[in-house]
Each structure stands twice: as structure tokens, then as C-alpha cells.
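In: Sequence first, then the predicted structure:
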Amino acid sequence: MTMLAGVGMNALEASEAAGRQAAAEAIAPLRGRPPTFLIVFATGHYDPSKLVDGIYAASGRVPLLGCCAGGIISPQGASRHGVVVLALQSDDLEITLGLAAGIRQRPVEISEQVAGQIENHAPPPESGRHLMALVLADGAATTLEEVVQSTATMAGPLCPLVGGGSGNMVQAHTGNLFVNDQFLLDALAVAQLSSTAPIGIGVAHGWTPVGRPLVVTRSRGPIVHELNGQSALEVYRRLFPEGNLTLDNFGPFVSAHPLGLPQISGEFIIRDPMRTHPDGSIECTATIPENTITHIMQGDKLSLCTAAQSAAQQALQRLGGRAPAAVFVFDCISRLNYLGPEAETEVYLIRDILGQDTPLAGMFSFGEVATAGGPAVFHNKTVVVCAIGKE
């Protein structure tokens, strides 16, 4: 069997036309065969219902998974406006979809509900088939760490997760997820892929620790009040005296100096500070329990671009010598904001490793999901690259 793939992207203003053109471009390389699966990422400029109407007008009604994103990634580079469609075709590829709303208040229950929609379709381990769960979730939920852990538990150790958080930089609090022609907010959407094709996942961020490890001595949920018994602002002031940090400039500074949680592997999971408070505390994107060991991190544009290259190399190595047939990328929206035009360099480096002609689609996400060499993890300020090998 042969895995065929194609990608289409545009920034047309009309939702239906944008979807139709992107889908037509994506399915053109499929040699006249109907796509087996479509993945769609679109910025908040589009009506998702009309967008999918346009896609289906070009492709026919086939399994489809997508979401609203902070920006899109395609062979043309990085963009804050547009829609990208990735089409996969293979007689060997099996797709099972799940979707449910309510993760902000019931993350574990909803994860179990979605897993229940797909679990009966998993092939037995002795089949020799490769599994992957493509996971999209509401990026505004503060429960994504719980969603990822619960979904990973339900999917099992033989099914790696990869994905990201939906979001909208155009209209606040609207980050639709869609499965086929169902559209939900506050939701979890999962596509389980089963194929004989190998799957390679790579994860990197480019942030390195500054100074000594710190203890979170007082926190509540995602809010870190004290590090080593002092306000977070005071700790940052001592570590970076040249910054002349005040409550007014602390927010922009800390966004480029996130917290890192050390792992046994020697790597760090990054936690992104979303905002600061008048008492000098930091509110992050996920819960940071008291007594957690953490580091203040730093990076620059070169280290972040090098990380994208590393993630692509990891993904390629995990294909076991196979060439990639298609590539997904989940890159944090904060990296796009930090890198600016250099985000194009990230995309180029990924394509340079995985093939300039390899169909590639991705999104700038509000949190990233990946299983790569260990348990499934909810990341921030990180780039995740997933390559599906040729059969």
C-alpha cells in the first residue's frame, strides 16, 4: 500500500471559498482517489461551518478533524491569517473520531467519554499496526494537563498522543474544534490513526535554565505566589538586576523567561506565564503544586529555531529509516509572537530535514501535546513535530 498526501493553503477572505480552494489543492496529488482523512487548521477569520462546507464541496464527505488556531503552518511558511488542509490517502489507514464538550469543568469525564468513542476500534497489539491519537483541545481550558493525562491513560501505552490547544487571536474566547461537521467550544477532539506506516514524534523548546533551582513555596492552582519564600517578582529582580523590573514591565519580561520543571531525563517541561498580578505573583497555563522544584529559563531566537530543527530530527530518526509521507507541526503561539519573522526560519528548518516536498501542515497552538520517548506531556512554549512514514 502507498500513503499519499497533499496540502493546500490560502488566505482568501470568504470562508466557503477558502475551504474549497485549500481542499482542492490538498487532494490534487492523490491521483484521483478520495482522501481517507482530512486535517484542517484555520485562523479566527473564518466561519468554521462555511469553511467545512467548502472543504466538503471539493473533497466529498470524508473523516475530518480540525480547529481554530492562533496561526497556521504550511509549506509556504508561517501565517497569522489563513486555512491549511492536509489530505491523507491510504487503503491501509483507519481513522476513528471522537468529540465531546465540557473539559473546563469535567476534564477526566470528558476524556473518558471521547476515549470510549474510539477504544473499541483499536487493533490488537499483535497486529503489528502503528497507532497514534491526534489530540486537539480547547486551549483556553486550565485543565489541559488533566485532559492529556486522562486521554493517555485511556489510549494506552501503545498509542502515542500528539496535538495542541485551539485558540483564536481574532475573537476572544472562541476556539472551535470540529469533527466532520460538528463544531464545539470547551471541547476535546481526538482522531485515532491506525496504519502499518511508522510514526515519529519529536519535541524540543530551546529554553535553558538560569541560576539555581527554586522551590515553589506558595502556589494556588496555576498561580505561583512565592519562590524560595519570596514573591516571584522579587526572585526575578534578584536574578536579573539589569532588567530594573517593576510591576509594569515584569509581564513582558517573564513571558520571555518562563518556568521550567526538571524531569528525570534531564529535560525541562516549560510552563508559560500568562499574566502577572499586583502582588508580584505569576499565573501560568497549568497547575504548579507547592514544593515543586522549578527553574527560571531563558532563550533566544537562535536557540528556539535550533529546537525546531532538533524536533524534526527526532521525528525523522523515529521513522526507522522510512521517508516521511506527511508531517504535522504544533508550535506554541508564544513562539510565533517571540520569533516574529524568524518563525519562517523554524518552518524552513523543519522542512529542510523532513523534505521540502513533503506535505506539511500545522498550527500555532495554545499548549502542545506529545508522547516522545516517555509519557504523554502537556507542554508550553514548545514545538512538536510528527512525521508519518511511507508504507
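Out: Cool, the structure landed.

In: Which pLDDT value belongs to Leu261?
Out: The predicted local confidence for Leu261 comes out at a pLDDT of 96.

In: give me the beta-bridge partners of it?
Out: Note on Leu261: beta-bridge partners by DSSP bridges are Ile269.

In: Next, count neighbours for it.
Out: By the other CB atoms under 10 Å criterion, the neighbourhood of Leu261 contains 18 residues. All C-beta atoms are positioned from the backbone trio N, CA, C, and that covers glycine.

In: what's it in contact with, if anything?
Out: With contact taken as CB atoms under 8 Å, 6 or more residues apart in numbering, Leu261 is in contact with 268-271, 288, 292-294.

In: quick one: which of those residues is nearest Pro157?
Out: Nearest to Pro157 among the contacts of Leu261, counting by CB to CB, is Ile269 at 19.4 Å.

In: which stretches of the stretch 51-200 of the chain form strands?
Out: Under the criterion DSSP state E, counting those that start in this stretch, strands of the stretch 51-200 of the chain are mapped to 64-68, 71-74, 77-79, 83-89, 94-101, 130-138, 161-166, 177-179, 182-184, 187-195, 199-204.

In: Now the residue nearest to Asn168 when sequence neighbours are not counted: phi and psi?
Out: The shortest distance from Asn168 to any non-neighbouring residue, by CB to CB, 6 or more residues apart in numbering, is to Gly44 (3.7 Å). In terms of degrees, to the nearest 10, the main-chain angles of Gly44 are phi -70, psi 10.

In: Could you double-check that Pro35 lies in contact with Leu93?
Out: No: look at Pro35 against Leu93 with CB atoms under 8 Å: they stay out of range, at 9.9 Å.

In: more neighbours, those two?
Out: Remark: of Pro35 and Leu93, Pro35 carries more neighbours, 25 against 21, as counted by other CB under 10 Å.

In: Please name the residues that touch His295.
Out: With CB under 8 Å, 6+ apart as the criterion, the residues that contact His295 are 209-211, 213-214, 259-260, 262, 268.

In: for the residues you listed, which one is nearest Ile223?
Out: Closest approach between these and Ile223, by CB to CB: Leu259, at 12.0 Å.

In: what sits against the closest one?
Out: Taking CB under 8 Å, 6+ apart, we find Leu259 in contact with 224, 270-271, 273, 282, 284, 288, 294-297.

In: Give me the buried subset of those.
Out: Neighbour counting with 16 or more other CB atoms under 10 Å marks 224, 270-271, 273, 282, 284, 288, 294-297 as buried within the contacts of Leu259.

In: can you put these in TSV and add pLDDT, distance to Val369 and secondary structure?
Out: Listed next are those as TSV, based on pLDDT from 0 to 100; distance: CB to CB, whole Å; DSSP: H, G, I helix; E, B strand; the rest coil:
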residue	pLDDT	distance to Val369	secondary structure
Val224	96	23	strand
Ile270	96	14	strand
Arg271	95	15	strand
Pro273	90	20	strand
Ile282	93	23	strand
Cys284	92	17	strand
Ile288	92	18	coil
Thr294	97	21	strand
His295	97	22	strand
Ile296	97	24	strand
Met297	97	20	strand
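
In: correct me, but Cys386 touches Ile199?
Out: Yes: Cys386 sits in contact with Ile199 when judged by CB under 8 Å, with a separation of 6.8 Å.

In: who has more neighbours, these two?
Out: Neighbour count, other CB under 10 Å: between Cys386 and Ile199, Cys386 has more, with 28 against 19.

In: Was I right to think Pro48 contacts Ala42?
Out: Yes: counting by CB under 8 Å, Pro48 touches Ala42, with 7.1 Å between them.

In: The nearest residue to Ile201 once chain neighbours are set aside - how many residues pack around it?
Out: Using CB to CB, 6+ apart and skipping the chain neighbours, the partner closest in space to Ile201 is Ala372 (4.4 Å). The number of residues packed near Ala372 is 22, by other CB under 10 Å.

In: Between the strands of the stretch 51-200 of the chain, which one is closest to Ala23.
Out: Comparison of the strands of the stretch 51-200 of the chain against Ala23 by CB to CB identifies strand 83-89 as nearest, at 5.1 Å.

In: In the sheet, which strands lie alongside the closest one, parallel or antiparallel?
Out: The partner list of strand 83-89 in its sheet, established with DSSP bridges, is strand 4-10 (antiparallel), strand 37-42 (antiparallel).

In: State the mean pLDDT of the last one.
Out: Across strand 37-42, the average pLDDT comes to 98.

In: Does Gly243 touch Phe253 like I think?
Out: Yes: Gly243 is in contact with Phe253 according to CB under 8 Å; the separation is 5.7 Å.

In: So which of those two has more stuff around it?
Out: Shown here are Gly243 and Phe253; by other CB under 10 Å, Phe253 has more neighbours (17 against 14).

In: Just the buried residues of stretch 99-113, please?
Out: For stretch 99-113, using 16+ other CB under 10 Å, the buried residues are 99-104, 106-108, 110-113.

In: show me what contacts the residue nearest to Gly320 when sequence neighbours are not counted?
Out: With CB to CB, 6+ apart as the measure, Pro198 is the residue that lies nearest to Gly320, at 5.4 Å, once sequence neighbours are left out. Residues in contact with Pro198 (CB under 8 Å, 6+ apart) are 130, 318-320, 322, 388-389.

In: Quick check: the farthest pair among those residues?
Out: Farthest-apart pair in the contacts of Pro198 is Gly320 and Ile388; separation 12.5 Å (CB to CB).

In: Of those two, give the one with the bigger neighbour count.
Out: A count of neighbours by other CB under 10 Å puts Ile388 above the other of Gly320 and Ile388, at 28 against 9.

In: Please, which helix or strand holds that one?
Out: Taking DSSP states H and E as the criterion, the element that holds Ile388 is strand 383-389.
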